[in-house]
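>>> Any chance you could fold what I've pasted below:
(one chain, ligands or ions: 1)
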Amino acid sequence: MFLPVRIAVFAAACLFAAACGGHGTPPAPPPAPATLAHVVAGGGEVAAADLARVQATVTAELPLLAPVFPGAPKHPFFVHVHADRAALPAALAPHLHPDAPAFALLGAHQIHLVLDEVGRLGLPLRSVVRHELTHELLDQHVAPHGRRIPRWFHEGLAQVLAGETYLRAREDELTFALLAQRLRNFAELDRDFPAETTARREAYAQSFSYVAWLAARHGLDELVAVAAAADDITPFPSALAGRLRRPTYWLEENWRAYVLHGSGAPWRIVFDQWFSLLLVALLPVLVLGLRRHLAREAATRRRLAAIEASPPASPPPPPPPPLPWPPAAAALAAEPAQAPPPLDGANVRPPLVQPEP
Ligand SMILES: [Zn+2]
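Modelled structure (predicted):
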């Protein structure tokens, strides 16, 4: 079968247009991630060098993080750099926890970073930037369902990708809470992420540990896909259980078992606190030694009291005067000379004579 020339040319033109997406020009490539991040000076006096340092960190880290969240960032966002906590506008100050160096305003495409707090807390600028960029990228990736993502997942993923925890949270601390059966479940954390420092540090540690455990077993991509699957119809726990094919209680129970028996956290506690544990072990010996020492002191006090209470003894006689040495010549002269005994037969001993044989 042959087609007329005009029809063949028209068909070829249609095929070319279809190959180009139905338009005459190919679609524009998405903007480079770094071009969507705008680093600006916030409150206080921020040195140009500090601003440039933050800009360079954002420019370096954003392209590394963006592939984890396909399609993000789509919207421009701002990184406001403030000099110190006091320089934060009054409306923003309550969002910054006393032991945190930065925060992200989800939905507003804003990150607020406080330079003094970064230095005071001893956190690397790179990890702080990665933490806050993760919040922004995840929020843009799941838009418009950002509110469906629980806070523990946000904080857990941000800490995992930053390679650093906030508030000096440590997985080891979870061991005590688990053994005491006082660790909150994740539904509670979703409803109420604690504000008090100790409870909040524990919540950060719990979020970090659980997300790291999930990522190690199911992959980071799968976790990001779970977040993208949550919407107004599918709550996050249902998306998690559906994509990972495990009930959420099974996941949580296995994670708890991992913390207690597989993470090495109890042994790390023992090694970290070996000196304190050694003191506790030696405490009975120290108490025994102290009791013996006190008993000896009491016996000494009793002896001294008995001596003080007894009547005073008669004074001893004075010692004789010492004899002069060498004896005085006058004393020697006064002493009468003794005459030698007379020689008579009675006191003369016969000479010892060897008898003649
Ligand atoms: Zn955070």
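
>>> Can you name the residue of the stretch 251-357 of the chain nearest to the ion?
When CB to the ion is the measure, the stretch 251-357 of the chain has its nearest residue to the ion at W255, with 20.2 Å between them. C-beta coordinates here come from the backbone N, C-alpha and C atoms, glycine included.

>>> Where does that residue fall, secondary structure wise?
W255 is part of helix 248-257, with elements assigned from DSSP states H and E.

>>> Any buried residues in that helix, and which?
Within helix 248-257, the residues that qualify as buried are 248, 251-252, 255-256, counting by 16 or more other CB atoms under 10 Å.

>>> ok, now stretch 147-157?
148-150, 152-157.

>>> which secondary structure elements does the helix holding W255 contact?
In terms of contacts (3 or more CB pairs under 8 Å, 6 or more residues apart in numbering; DSSP states H and E), helix 248-257 is packed against helix 197-218, helix 236-244.

>>> any chance of those helices in TSV, plus mean neighbour count and mean pLDDT?
Conversion of the helices and strands packed on helix 248-257 to TSV gives the following (neighbours: other CB atoms under 10 Å; pLDDT from 0 to 100):
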stretch	mean neighbour count	mean pLDDT
helix 197-218	20	95
helix 236-244	18	97
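
>>> closest to the ion out of these?
Ranking the helices and strands packed on helix 248-257 by distance to the ion, with CB to the ion as the measure, places helix 197-218 first at 8.2 Å.

>>> So is the closest one next to the ion?
No. Interface with the ion: helix 197-218 contributes nothing (CB under 5 Å from the ion), its closest point being 8.2 Å away.

>>> Summarise which helices and strands that helix is packed against.
Secondary structure elements in contact with helix 197-218, counted by 3+ CB pairs under 8 Å, 6+ apart, are helix 151-162, helix 173-179, helix 186-191, helix 220-229, helix 248-257.

>>> For A87, which of those helices is the nearest?
Nearest of these to A87, taken as CB to CB: helix 151-162 at 23.9 Å.

>>> now the angle between helix 197-218 and the closest one, please.
For helix 151-162 against helix 197-218, the angle between stretch directions is 70 degrees (axes from the mean of the first three to the mean of the last three CA atoms, to 10 degrees).

>>> helices or strands next to helix 151-162 in the packing?
With contacts defined as 3+ CB pairs under 8 Å, 6+ apart, the secondary structure elements packing on helix 151-162 are helix 125-141, helix 186-191, helix 197-218, helix 220-229.

>>> For it, C-alpha coordinates in CSV please.
Coordinates of the C-alpha atoms in helix 151-162 are reproduced here as CSV (Å, rounded to 0.1, in the frame of the first residue of the first chain):
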residue,chain,number,x,y,z
ARG,A,151,6.8,16.0,62.4
TRP,A,152,8.7,12.9,63.5
PHE,A,153,9.2,11.9,59.9
HIS,A,154,10.3,15.4,58.9
GLU,A,155,12.8,15.6,61.8
GLY,A,156,14.0,12.0,61.3
LEU,A,157,14.7,12.4,57.6
ALA,A,158,16.4,15.8,58.1
GLN,A,159,18.8,14.4,60.7
VAL,A,160,19.5,11.3,58.6
LEU,A,161,20.4,13.4,55.5
ALA,A,162,22.3,16.0,57.6
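
>>> ok and it relative to helix 125-141, angle-wise?
Helix 151-162 and helix 125-141 are oriented at 130 degrees to each other (the same axes, to 10 degrees).

>>> what sits up against helix 151-162?
Residues outside helix 151-162 that contact it (CB atoms under 8 Å, 6 or more residues apart in numbering): 65, 68, 127-128, 130-132, 134-135, 138, 165-166, 169, 186, 189-190, 193, 203-204, 206-212, 215, 220, 223, 227, 236.

>>> Get me the contact residues on this protein for the ion.
Where the chain comes near the ion, counting by CB under 5 Å from the ion, the residues are 155, 158.

>>> Output the helices and strands packed on helix 197-218 as TSV; include the columns distance to G122.
Compiled in TSV, the helices and strands packed on helix 197-218 are given as follows (distance: least, CB to CB, whole Å):
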stretch	distance to G122
helix 151-162	14
helix 173-179	18
helix 186-191	26
helix 220-229	27
helix 248-257	29
